[in-house]
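Colleague: sequence and predicted structure are below.
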Amino acid sequence: AQTVTQSQPEMSVQEAETVTLSCTYDTSESDYYLFWYKQPPSRQMILVIRQEAYKQQNATENRFSVNFQKAAKSFSLKISDSQLGDAAMYFCAYMEYGNKLVFGAGTILRVKS
Amino acid sequence: EPEVTQTPSHQVTQMGQEVILRCVPISNHLYFYWYRQILGQKVEFLVSFYNNEISEKSEIFDDQFSVERPDGSNFTLKIRSTKLEDSAMYFCASSVGRVTGNTIYFGEGSWLTVV
């Protein structure tokens, strides 16, 4: 079964600085999808960004971008110009055939003012 | 922006009681899901539902769980006889279709506490 590993239980960043959250995954598939979801204290799961494995170009959404390294099976999230509202739990997720998401354990991001 | 809505936001129930969690998926979405997150643990897939039948279910989704689309808008998760270990946040989600890669949109979750 596919697995997703987030090796950083907790990260801190100063407001306006940049932070990178790590994610690795294990799969034998060549076509798949990767996602980052944000879970603020309200506990809602909010989509941050998605990446299609067959696309070499890294996805970007405003201050959020990914570094997708397919050979290394790595999918890190970079948050630029961090804001207080970015403080949340961030989950990396892999999408299997049939649209089932497999989540990592999550990384708590703290933003210091 | 359209969103998935869930009710109740929080429910406390006695062990052994039946619970129904309700969800209204995004209106043009056809593929529905339930996920579960026990406090402090990973978000786990429970079940997916398409065309009025279960597409896939996990090992967690045993006989005490059932899902239903009773009308054109609601999607429900029923837990027949709750156990203490069923205490968790339950997320409903939906996607446009069943094509792999369709983005899955989550609701705000229903927090279930079994006492």
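Modeller: Received it, and whenever you're ready, just let me know what you need.
Colleague: contact residues of chain B facing chain A?
Modeller: Within reach of chain A by C-beta under 8 Å from any C-beta of the partner chain, chain B has these residues: B:31, B:33, B:35, B:41-45, B:48, B:55-56, B:89, B:91, B:93, B:95, B:98-109, B:111. (Glycine included, C-beta is placed from N, CA and C.)
Colleague: how does it look with 10 Å?
Modeller: Residues of chain B that fall close to chain A, judged by C-beta under 10 Å from any C-beta of the partner chain: B:3-4, B:6, B:9, B:31, B:33, B:35, B:37, B:40-45, B:47-48, B:50, B:55-56, B:58, B:89, B:91, B:93, B:95, B:97-109, B:111.
Colleague: now which of those residues would you call buried?
Modeller: For the residues of chain B next to chain A, a neighbour count by 16 or more other C-beta atoms under 10 Å in any protein chain shown gives the buried set as B:4, B:6, B:31, B:33, B:35, B:37, B:42-45, B:47-48, B:50, B:55-56, B:58, B:89, B:91, B:93, B:95, B:101-102, B:104-109, B:111.
Colleague: now residue B:84: phi and psi?
Modeller: phi -60, psi -40 (degrees, to the nearest 10).
Colleague: what is the neighbour count of it?
Modeller: 9 (other C-beta atoms under 10 Å in any protein chain shown).
Colleague: distance check, the closest residue to it other than its chain neighbours against residue B:104.
Modeller: Setting aside the residues directly before and after it, residue B:84 is nearest to residue B:114 in space (C-beta to C-beta, 6 or more residues apart in numbering or on different chains), at 5.2 Å. The gap separating residue B:114 from residue B:104 is 26 Å, by C-beta to C-beta, to the nearest Å.
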